[in-house]
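>>> Predicted structure and sequence below. I'll ask about it afterward.
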Amino acid sequence: MQGSSSISSSSVDAPTPRCHCGVRSPIRSAWKCDYPGRRFYGCSGYRTSRKCSFFQWYDPEPPPRYSDVIRRLLETNEGIRSENMELKKTRQELLDELRSLQHSLYETRANLEAAISASTAMEDNMLASVATTRRRGVLITVLISAIILLVFLPVKIA
């Protein structure tokens, strides 16, 4: 019999049979055979260097429907595991995309903050330039007014 099994503890009143190695055989559960979930005695040296092939069913043979139900449940379980793996993969891809978008967002924010800072500095320079230009304009207006007064109004020196 080729398949998968697991050792399970059981409170069995019947004596545990000994395998061909002379060792007491634990109760295992078959999962990849015609009787999934059916318990059996199997050598504790199974899949080791002893290569003992002792096998004896513990459970009586179940009705055919039992095997079909268990097999369908196992197939459903495998489908759920497969879907879960796909969901984990998709989740990881989404997390990676989120990290990438967050990184882009941080870079864009830093660029915008730098542009705002540069724009604010330019605006401050322009306002300072406008203020300087206004002061010069007022000074020029005062000087022109003084020149006009000096040229067109005769000043009498006593």
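Happy to help now that I have it.
>>> pLDDT below threshold where in the protein?
For the chain, the stretches with pLDDT under 70 are 1-14, 33, 47, 49-50, 154-158.
>>> Which parts of it are strands?
For the chain, the strands defined by DSSP state E cover 5-7, 27-30, 39-42, 55-57.
>>> For R135, find the nearest of those strands.
For the strands of the chain, proximity to R135 was assessed by C-beta to C-beta; strand 5-7 is nearest, at 92.8 Å. For every residue, glycine as well, the C-beta is placed using N, CA and C.
>>> To E97, which of the strands of the chain lies closest?
Between E97 and these, the shortest separation by C-beta to C-beta is 39.5 Å, and it involves strand 5-7.
>>> Can you lay out the strands of the chain as CSV showing mean neighbour count and distance to T48?
Compiled in CSV, the strands of the chain are given as follows (neighbours: other C-beta atoms under 10 Å; distance: least, C-beta to C-beta, whole Å):
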stretch, mean neighbour count, distance to T48
strand 5-7, 14, 13
strand 27-30, 20, 14
strand 39-42, 20, 12
strand 55-57, 13, 15
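>>> Adding distance to E107, write those strands out as a markdown table.
Shown next, in a markdown table, are the strands of the chain (distance: least, C-beta to C-beta, whole Å):
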| stretch | distance to E107 |
| --- | --- |
| strand 5-7 | 52 |
| strand 27-30 | 56 |
| strand 39-42 | 61 |
| strand 55-57 | 65 |
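>>> And these: which comes nearest Y106?
strand 5-7 (49.8 Å).
>>> Would you mind giving the domain segments of this protein?
As assigned by the TED database, the chain contains the domains 16-62, 63-143.
>>> So which of those is the most surrounded?
Across these, the average number of neighbours (mean count of other C-beta atoms under 10 Å) peaks for domain 16-62, which reaches a mean of 15.
>>> Thank you, goodbye.
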